Structure formats: structure tokens, C-alpha cells
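Trainee: Next one to model:
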Amino acid sequence: MRKRLESICGHTHYEGLTKTILNVASQSLDWQLRQ
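Mentor: Okay, the predicted model is just below:
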């Protein structure tokens, strides 16, 4: 049970990390297009 909980937490953290990276990437792309 505890191991399952850890994997769920890890997955959520990884998902948040991916969203952050995508946000930063799209923002920098927008900035480059505006230049």
C-alpha cells in the first residue's frame, strides 16, 4: 500500500514537472517569435 502511494505521488510530481517544462518551452517560443 505504501509503495503504491509513493508511486502515485511520484507520478503526480512528474506530471507537474512536465507541465512546467512545457509552459516554459511554449513561453520562450512565443518570445522568440515576437522578436
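
Trainee: Let's test this: mean pLDDT of the helix or strand in which Arg4 is found, rounded?
Mentor: Here Arg4, judged by DSSP states H and E, is contained in helix 2-34. When pLDDT is averaged along helix 2-34, the result is 86.

Trainee: For the remainder of this discussion, apply numbering that starts at 534.
Mentor: OK, 534 is where the count begins now, so the last one is helix 535-567.

Trainee: Show me what it is packed up against.
Mentor: Helices and strands touching helix 535-567, by 3 or more Cβ pairs under 8 Å, 6 or more residues apart in numbering; DSSP states H and E: there are none. All C-beta spots, glycine's among them, are computed from the backbone N, C-alpha and C.

Trainee: Off-centre distance for it?
Mentor: 0 Å (Cα atoms, centre = their mean, to the nearest Å).

Trainee: if I look at Gly543, how far off is Thr551?
Mentor: Counting by Cβ to Cβ, to the nearest Å, the gap from Gly543 to Thr551 is 13 Å.

Trainee: Same question for Gln565.
Mentor: 21 Å.

Trainee: Show me the residue sitting in the middle of this protein in space.
Mentor: Thr551 (2.1 Å; Cα atoms, centre = their mean).

Trainee: Relative to Leu566, how far out is that one?
Mentor: In terms of Cβ to Cβ, Thr551 sits 22 Å off from Leu566.

Trainee: and what of Arg537?
Mentor: Counting by Cβ to Cβ - Arg537 and Leu566 are separated by 43 Å.

Trainee: do the same with Gly543
Mentor: The value you get for Gly543 to Leu566, if Cβ to Cβ is used, is 35 Å.

Trainee: Quick check on those two: which one has the bigger neighbour count.
Mentor: Gly543 (10 against 7; other Cβ atoms under 10 Å).

Trainee: how near is that one to Arg537?
Mentor: Counting by Cβ to Cβ - Gly543 and Arg537 are separated by 11 Å.

Trainee: Check His546 too.
Mentor: Distance from His546 to Arg537, by Cβ to Cβ: 15 Å.

Trainee: tell me which residues in stretch 549-565 are buried?
Mentor: Within stretch 549-565, no residue is scored as buried using 16 or more other Cβ atoms under 10 Å.
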